[in-house]
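Trainee: Sequence first, then the predicted structure:
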Amino acid sequence: QSKFRSTNKLKFTYLPVCPKRDTISILRMQAESPKAICCILREDLGMKISKVVVVGDLYVGKTSLINRFCKDNFDRDYKATIGVDFEMERFEIIGMPYNLQIWDTAGQEKFKCIASAYYRGAEVIITVFDLADIQTLDHTKQWLEDALRENEPDSSFIFLVGTKKDLDCSVPVLSSGLLTDVLVMLDHLLMWENVKEFFSRVAALAFEQSMIKELENTPGHRAQIGEGNLISKWSFAFCMHFPCL
Ligand SMILES: Nc1nc2c(ncn2[C@@H]2O[C@H](COP(=O)(O)OP(=O)(O)OP(=O)(O)O)[C@@H](O)[C@H]2O)c(=O)[nH]1
């Protein structure tokens, strides 16, 4: 919650994901690039990995969301995640190999201790709720607080994802009081219609974050504040790889 309050440039995105109809909607809250930083890109960065943690109540569809992206499949049978699971997805960004390590955590209370041990070091936190079960939206704040507690302040991008839009009983979350509580903290509302584009955006942001961190931690390399040629070039490169940007 403190993360929500302290970030004044949050974006909210609504995307659908599912196979037959526009079944899953994804609502995204995303802190804008934390600082306007122009980075000197280095050629010797090598392989980069960013950690994405997916949290939320049991049965909301975390595994399904990840499987839709990583395996392009959808399974109607429910198999509870035991503890944690993870997938590695490879990207290439501005010619550099880049991996997203996506951690699928169990929503069941009895596994929470195990799962929370994996929250640390998350560049991205994706909080999932079920559009057909308003309580799961209510619980997202707690999930987020738990995940943020294990990470440095302002070190993670946050996304909010609503699933199961295809179900007739889906609640009109956009007008629900609970979501309004969240929306008042946001500056932007965007909508997306594609899971791959969503994860591509996640990858782009995580990549950017890891570059910034790397530069900040490397002696002799300067992070420059403000507008500059390099940041323009960088943005363009992202557009080339991620049409959704
Ligand atoms: N109709 C519909 N069903 C969905 C959708 N997404 C997930 N499901 C179903 O919801 C059930 C739970 O999905 P999971 O992805 O296993 O849920 P989870 O959040 O990973 O659950 P835990 O591992 O227990 O935390 C499964 O039966 C899925 O098939 C969706 O968009 N539409």
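Mentor: Happy to help now that I have it.
Trainee: Is any residue of the helix or strand containing R201 near the ligand?
Mentor: Counting by DSSP states H and E, the element that carries R201 is helix 195-217. No: under the criterion of CB under 6 Å from any ligand atom, helix 195-217 makes no contact with the ligand; the nearest approach is 10.3 Å. Yep, even glycine has a C-beta here, placed from its N, CA and C like the rest.
Trainee: In that helix, which residues are buried?
Mentor: Burial within helix 195-217, assessed by neighbour count using 16 or more other CB atoms under 10 Å, is assigned to 195, 197-212, 215.
Trainee: any idea where the strands of this structure begin and end?
Mentor: 10-16, 25-31, 37-39, 48-56, 84-93, 96-105, 124-130, 157-163, 188-191, 223-225 (DSSP state E).
Trainee: Quickly, which of those bottoms out on average pLDDT?
Mentor: Ranked by mean pLDDT, those end with strand 37-39 at the bottom, a mean of 27.
Trainee: Can you name the residues that contact the closest residue to T140 other than its chain neighbours?
Mentor: Using CB to CB, 6 or more residues apart in numbering and skipping residues adjacent in sequence, the residue nearest T140 is T127, 4.7 Å away. Contact partners of T127, counting by CB atoms under 8 Å, 6 or more residues apart in numbering, are 55-56, 140, 143-144, 147, 158-161.
Trainee: go with 6 Å
Mentor: Going by CB atoms under 6 Å, 6 or more residues apart in numbering, T127 touches 55-56, 140, 143-144, 160.
Trainee: ok, now D57?
Mentor: Taking CB under 6 Å, 6+ apart, we find D57 in contact with 107, 136, 139.
Trainee: ok, of those, which one's closest to V60?
Mentor: Out of these, the one with the shortest distance to V60 is T136. That distance is 5.2 Å, counting by CB to CB.
Trainee: That closest one reaches V60, doesn't it?
Mentor: Yes: T136 lies in contact with V60 (CB atoms under 6 Å); the separation is 5.2 Å.
Trainee: Could you name every residue contacting both of the two?
Mentor: When contacts are counted by CB under 6 Å, 6+ apart, T136 and V60 are jointly contacted by 129-130.
Trainee: now V53, nearest residue through space, not along the chain?
Mentor: A122 is the one closest to V53 (CB to CB, 6+ apart), at 4.1 Å.
Trainee: on that earlier part again, could you name the helices and strands sitting against the helix holding R201?
Mentor: Taking 3 or more CB pairs under 6 Å, 6 or more residues apart in numbering; DSSP states H and E as the contact definition, the neighbouring helices and strands of helix 195-217 are strand 37-39, strand 48-56, helix 62-70.
Trainee: Rebuild the ones you listed as CSV, extending it with distance to S116 and mean neighbour count.
Mentor: Supplementary listing: these in CSV, determined by distance: least, CB to CB, whole Å; neighbours: other CB atoms under 10 Å:
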stretch, distance to S116, mean neighbour count
strand 37-39, 31, 19
strand 48-56, 9, 24
helix 62-70, 14, 22
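Trainee: Looking at these, spot the one closest to the ligand.
Mentor: With CB to the nearest ligand atom as the measure, helix 62-70 is the member of these nearest the ligand (3.4 Å).
Trainee: And the average pLDDT for the closest one is what?
Mentor: Computed over helix 62-70, the mean pLDDT rounds to 91.
Trainee: Do that helix and the ligand come into contact?
Mentor: Yes: Helix 62-70 lies in contact with the ligand when judged by CB under 6 Å from any ligand atom; the contacting residues are 62-64.
Trainee: residues making contact with that helix?
Mentor: 17, 54, 56, 73-74, 81, 87, 89, 102, 104, 128, 195, 199.
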